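Participant: Provided below for reference: sequence and predicted model.
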Amino acid sequence: DLTLAGARLSDAEDHWLYIGGVLQPGVTPARAHDFLLGVVQGLNSQHPSNAAVKDISLYQRATYVDLRADMLMLIVPLFLLFGLVLLIACADLANLLLARAAARQREMAIRLAMGASRRRLLRQLLTESLALSLVGTGAGYLLAQAATDAIHTYLFSMYMKLGYSVQPLTMDWRVFAYTAAVGIAAGLAFGLAPALEATSLDLARGIKQEGAAVSVKARPRRITDLLVTSQVAASLILMVLAGLLIRNAQHVARLNPGYDLDALVDVRFDGPKAKLMERLKSDPRVLAVSEVWRTPLYGNLNQLPALVNGKSESLGYSYVDERYFATMEIPLLRGRNFSRGEMTADTRVVVVSQATARRLWGNGEALGRVLQVGAPRPGDRFVQGAFQVIGVAGDVVSGGFYLGKDPSALYFPAVSGAARNNGFIARVQRP
């Protein structure tokens, strides 16, 4: 809903707003851009100039995933892995068809001698390959549909246990059409070579059973050798990649992110949050709930400049309420937590992570120290000034697991109900 942007325009720390949508039939991107400009002008008229939208950009994307260079580094290897699996399966199928072609050489020789054209025999053999491809495509569709339902249920089972309804996930017909076309094309392509070899034979020697065996053994097996070589090479690559994935999975399993992933649920809601907060608190399966600006594992913390002992530092920061550390079960190593009365924009206190305290003050005491905080970017309206350290919290992982724990983290008081608060973190009973 574009009207929700109005509440976020009034937030001093909300620097951007993403809106995703699907164009109606007949609506051009230029028309959609003009419409958005009109909406923005209407919203700006309701807010002071220092809270106005500075710029708006419209990007066309075929998918929700932004195909940036870093995303392509993850997506392209996945497609290559699927391609290798398809190559191995097709090589297996081609070898089976070659073996079947060798066994049917006498049959093919007799049919050619009786007047059947080579084109007709090729058409028959390719039809058999097409039938195999269709059967494989159908089986793959049924398996993908069953796996999608199972994975979808597993991923959202925690939300379902809390009473939330989740829309079913269905396979897009365009994705199925693409995969079916690739599967059928691959089946025909790898069935062509065995079909050509089955119909390329010496009639006189092929009719004789003994001669057929001699002919098969004497014929150069370049196609078979190529298929076997490609299959072995693809299998070795898959084994190496599988080993790397297993090693990374073991590393992730050993990594302690600083909180219990199995007991935490990220709840996001772009509407009035007070009623949802009360509903979560009243649920007996919810042990604790916290309103947050951002949740861990959604990317690295935003950075802001800070001045400590005359030295400029760039530190990560986030907004949390007084229940955050208890909900996440992040230990407070020294000092105290925020109080309920400190959840205001004018409060000048901050909790720092252990890594931040060590980075800024070494082995010295961090409690009572003062941080001079600046704006994250020129022109931003971040609440600047001096903040006193009241507590030191344990280190956690905010970005990806491969990045490890945050090198720095500042926790500022979050104003309850602020537009920048994206949702809630709930700690539930472990299944």
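Facilitator: Nice, I can see it. Numbering: from 1, shown residues only.
Participant: can you give me the strands in the protein?
Facilitator: 264-268, 286-292, 302-308, 311-320, 332-335, 349-353, 370-373, 385-393, 410-413, 423-428 (DSSP state E).
Participant: including mean neighbour count, distance to F190 and mean pLDDT, could these go into CSV?
Facilitator: Heads up, the C-betas are built off the backbone N, CA and C, glycines and all. As requested, the strands of the chain are exported to CSV (neighbours: other Cβ atoms under 10 Å; distance: least, Cβ to Cβ, whole Å; pLDDT from 0 to 100):
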stretch, mean neighbour count, distance to F190, mean pLDDT
strand 264-268, 17, 45, 82
strand 286-292, 22, 52, 88
strand 302-308, 17, 51, 85
strand 311-320, 18, 52, 88
strand 332-335, 16, 62, 93
strand 349-353, 25, 56, 94
strand 370-373, 18, 63, 86
strand 385-393, 19, 58, 91
strand 410-413, 23, 58, 91
strand 423-428, 21, 49, 85
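Participant: those: which one's closest to G362?
Facilitator: Evaluated with Cβ to Cβ, these place strand 302-308 nearest to G362, the distance being 11.5 Å.
Participant: and that closest one, which strands flank it?
Facilitator: Pairing partners of strand 302-308, with direction, according to DSSP bridges: strand 311-320 (antiparallel), strand 370-373 (antiparallel).
Participant: tell me which of those lies nearest to R118.
Facilitator: Ranking those by proximity to R118 (Cβ to Cβ) places strand 311-320 first, at 70.6 Å.
Participant: if we can go back for a sec, mind putting the strands paired with strand 302-308 into JSON lines with distance to D266?
Facilitator: Converted to JSON lines, these look like this (distance: least, Cβ to Cβ, whole Å):
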{"stretch": "strand 311-320", "distance to D266": "14"}
{"stretch": "strand 370-373", "distance to D266": "27"}
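Participant: mind listing the helices in the chain by residue range?
Facilitator: 5-9, 29-44, 69-103, 105-113, 118-155, 157-161, 173-199, 203-207, 209-218, 222-254, 274-282, 324-328, 354-361 (DSSP state H).
Participant: looking at the ones you listed, which is buried most?
Facilitator: Most buried of these, by mean neighbour count (mean count of other Cβ atoms under 10 Å): helix 324-328, with a mean of 21.
Participant: check which helices and strands it sits against.
Facilitator: If you count contacts as 3 or more Cβ pairs under 8 Å, 6 or more residues apart in numbering; DSSP states H and E, helix 324-328 packs onto strand 286-292, strand 423-428.
Participant: try 10 Å this time
Facilitator: strand 286-292, strand 311-320, strand 385-393, strand 423-428 (3 or more Cβ pairs under 10 Å, 6 or more residues apart in numbering; DSSP states H and E).
Participant: my read is that V373 contacts A306, right?
Facilitator: Yes. If you go by Cβ atoms under 10 Å, V373 and A306 touch, sitting 5.3 Å apart.
Participant: which neighbours do these two share?
Facilitator: By Cβ atoms under 10 Å, 6 or more residues apart in numbering, V373 and A306 have these common neighbours: L315, Y317, V350, F387, L410.
Participant: farthest-apart pair in those residues, please.
Facilitator: L315 and F387 (11.1 Å).
Participant: need the residues touching each of the two.
Facilitator: With Cβ under 10 Å, 6+ apart as the test, L315 and F387 both reach A306, V352, L371, V373, L410.
Participant: put together CSV for those, with distance to N300 on each row.
Facilitator: Shown next, in CSV, are these (distance: Cβ to Cβ, whole Å):
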residue, distance to N300
A306, 17
V352, 17
L371, 20
V373, 18
L410, 14
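Participant: which one of these is nearest D283?
Facilitator: For the shared contacts of L315 and F387, the nearest to D283 is L410 (31.5 Å; Cβ to Cβ).
Participant: mind listing what the closest one touches?
Facilitator: Contact analysis of L410 by Cβ under 10 Å, 6+ apart lists 301, 304, 306, 315-319, 350-353, 356, 371, 373, 387, 389.
Participant: beta-bridge partners for it, please?
Facilitator: Beta-bridge partners of L410, as defined by DSSP bridges: Y317, V352.
Participant: quick one: it from V392, how far?
Facilitator: L410 sits 11 Å away from V392, going by Cβ to Cβ, to the nearest Å.
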